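**Student:** need a structure here:
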Amino acid sequence: MAIHNGSPRRFTSRDDDLDDNAQDFMVLVLVFFLLLLAALLASCETSLNVASKSKIHKLVKEGNKSAVVVKELQDNAGEVISAILTSVSIATMLIPFLTAIWAVAHFGDLGQAIVGVVVSIVFLIYGETVPKMIALSSPETVLLKSARFLRLLTRICKIPNILMRFIADATLKMLRVKHSDSLDPYEEIRTYIDLQMQQISEEKSMLNSILDLSKVEVQDIMTFRKNVQMLNADDTLENIINTIKTTPYTRLPIWKEQPDNIVGVVHAKAFLEFFIKKGKSAKNFDVLELAKAPWFVPETTNLLDQLKAFRTKNAHFAVIVDEFGVFQGIVTLEDLIEEIVGEIHDEYDIKLGHVMVRKDGSILLPGDFTIRDLNRQFNFELEDTEATIAGLLLHVAQKIPEVGRVYDVQGVRFEVMKRNKNYISLVKVSSQ
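**Tutor:** Residues are numbered from 1 along each chain as shown. Alright, predicted model coming up:
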């Protein structure tokens with residue numbers, strides 16, 4: 001190729017012209033190849049970032065060999081992205097370099113500038129924009145078709161990638177920047193739910209509740225001991241019959257000598273069977289003979305572990321104790337299900353506290369209303385470091401608040417309406 005630096009070409013022989021034409025053809029072919037390579041890599045990078053892992057996983061289970069390769073690439077996405085970026089960088093450096101040599105040889109310095117602008121526009125459209133749009137329209141298809149090429153490219157670039165990764169890690173360490181190769185799987189699922197289920201809020205809420213099971217403790221959802229209906233082991237048969245007849249619950253804890261001393265749990269069905277056989281005339285009746293041993297669970301047990309334990313033990317009822325073994329309340333399988341799907345009411349349910357929404361938008365709630373239920377039912381965003389509204393106000397006030405006192409907590413206003421001795425029985429809640 002003869003370079004004339006802006007001056008007209010000198011007379012050349014036919015052989016020289018053929019050589020120049022061959023060189024021009026090789027340059028154009030190489031530039032075209034690099035442009036195609038850059039376009040392919042751009043589409044692969046976008047596909048790798050947006051392709052659905054669930055769809056790929058399904059294809060793997062169906063025996064798709066390309067999907068197996070794609071899953072391998074997704075599991076090592078950092079290395080693949082590094083290989084792609086390295087290759088794209090090489091292509092983007094070579095394309096303007098080769099076109100500049102070709103342009104100077106044929107059109108001089110002015111031609112170099114014009115060709116440079118044209119090549120930049122072509123590269124932006126056909127090397128970046130169009131390939132990425134294609135990848136966004138069908139990322140899984142693009143990734144499946146280019147999987148083996150990407151795996152080969154990653155292996156070729158492995159040594160340069162190791163070197164660059166070492167330099168990058170060292171730089172981040174000097175800058176004290178923490179980084180991770182992958183997202184927390186729970187957060188990744190939660191993000192996917194938020195993006196894909198914006199129009200179906202109820203199902204979205206259920207799925208998020210499932211993800212939260214390992215973060216919530218049984219003490220956050222238990223029925224507190226003051227609200228637990230119980231049987232006295234030393235009570236008369238007639239009194240026990242009346243209690244079981246009037247209670248809406250099928251399982252009742254039994255205490256002896258003092259209410260904190262739980263010695264058993266009786267099922268209404270077991271008592272009914274006994275009553276059918278013996279009747280009220282049963283002598284020396286001992287309700288503990290019908291009871292099962294109580295199952296004590298620490299209040300710090302998370303809901304996911306408790307759900308697994310319910311399933312393993314084929315149980316529906318557990319007694320909650322604190323670190324000192326003191327009775328705190330009860331939790332049932334229904335409580336855990338309600339934590340996922342929301343409140344479940346039947347014809348025998350009773351409300352343990354009065355909840356009323358007033359015309360001005362404020363809410364009257366009992367002091368033992370839980371912070372989690374307050375957030376879920378009325379769309380507040382309070383931190384549930386305390387289990388109940390009463391507990392939250394005691395924590396904020398650092399004393400037992402008087403009736404009429406108002407506390408502003410995280411954008412929510414609480415006013416103490418009633419107090420029963422030292423217990424906050426009624427609170428008015430409103431937005432600030």
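**Student:** Touching, Lys313 and Lys292? I think so.
**Tutor:** No - checked against C-beta atoms under 8 Å, the pair Lys313 and Lys292 is beyond contact range at 11.1 Å. For every residue, glycine as well, the C-beta is placed using N, CA and C.
**Student:** Looking at these two now, which is surrounded by more residues?
**Tutor:** Shown here are Lys313 and Lys292; by other C-beta atoms under 10 Å, Lys292 has more neighbours (15 against 10).
**Student:** Correct me if wrong, but Val119 is in a helix.
**Tutor:** Yes - the assignment for Val119 is a helix, going by DSSP: H, G, I helix; E, B strand; the rest coil.
**Student:** mind listing what it touches?
**Tutor:** Val31, Ile95, Pro96, Thr99 (C-beta atoms under 8 Å, 6 or more residues apart in numbering).
**Student:** Could you give the number of residues near the second one?
**Tutor:** It refers to Ile95. As a burial measure, Ile95 scores 23 neighbours (other C-beta under 10 Å).
**Student:** Centre of the chain to the helix or strand where it lies, how far?
**Tutor:** Assigned by DSSP states H and E, Ile95 belongs to helix 77-122. Between the centre of helix 77-122 and the centre of its chain there are 42 Å (C-alpha atoms, centre = their mean, to the nearest Å).
**Student:** the strands in this structure, which residues?
**Tutor:** Counting by DSSP state E, the chain has strands at residues 223-224, 231-232, 251-256, 258-267, 296-298, 317-321, 327-332, 356-357, 363-366, 406-409, 412-420, 423-431.
**Student:** ok, of the ones you listed, where does mean pLDDT dip lowest?
**Tutor:** Of all those, the minimum mean pLDDT falls on strand 356-357 (a mean of 78).
**Student:** Using ChimeraX, define a selection of the buried residues within the contacts of Val119.
**Tutor:** Selecting only the buried entries of the contacts of Val119 in ChimeraX, with 16 or more other C-beta atoms under 10 Å as the criterion:
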select :31,95,96,99
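**Student:** where does the stretch 101-250 of the chain have low pLDDT?
**Tutor:** Counting by pLDDT under 70, the low-confidence segments of the stretch 101-250 of the chain come to 179-186, 188, 195-201.
**Student:** for it, what spans make up the helices?
**Tutor:** Under the criterion DSSP state H, counting those that start in this stretch, the stretch 101-250 of the chain contains helices at 130-137, 139-145, 147-156, 158-174, 185-196, 201-211, 237-246.
**Student:** Against which helices or strands is the shortest one packed?
**Tutor:** Just to be clear, that refers to helix 139-145. Packing partners of helix 139-145 (3 or more C-beta pairs under 8 Å, 6 or more residues apart in numbering; DSSP states H and E): helix 14-50, helix 53-61, helix 65-75.
**Student:** hmm, 7 Å instead?
**Tutor:** Helix 139-145 sits against helix 14-50, helix 65-75, with contacts defined as 3 or more C-beta pairs under 7 Å, 6 or more residues apart in numbering; DSSP states H and E.
**Student:** residues contacting the nearest residue to Lys215 once chain neighbours are set aside?
**Tutor:** Distance criterion C-beta to C-beta, 6 or more residues apart in numbering; nearest residue to Lys215, sequence neighbours excluded, is Asn302 at 6.9 Å. The contact partners of Asn302, by C-beta atoms under 7 Å, 6 or more residues apart in numbering, come to Leu213, Ser214, Lys215, Val216, Glu217.
**Student:** The second one: what's it in contact with?
**Tutor:** If a contact means C-beta under 7 Å, 6+ apart, then Ser214 has Asn302, Leu304 as its contacts.
**Student:** re earlier: any chance of TSV for the helices and strands packed on helix 139-145, columns mean pLDDT and distance to Leu136?
**Tutor:** Formatted as TSV, these follow (pLDDT from 0 to 100; distance: least, C-beta to C-beta, whole Å):
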stretch	mean pLDDT	distance to Leu136
helix 14-50	80	6
helix 65-75	87	17
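**Student:** Adding distance to Asp169, write those out as a markdown table.
**Tutor:** Below are the helices and strands packed on helix 139-145 laid out as a markdown table (distance: least, C-beta to C-beta, whole Å):
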| stretch | distance to Asp169 |
| --- | --- |
| helix 14-50 | 21 |
| helix 65-75 | 20 |
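**Student:** returning to what we had before: and of the helices of the stretch 101-250 of the chain, who's closest to Val406?
**Tutor:** The closest of these to Val406 is helix 201-211. By C-beta to C-beta, the value is 30.9 Å.
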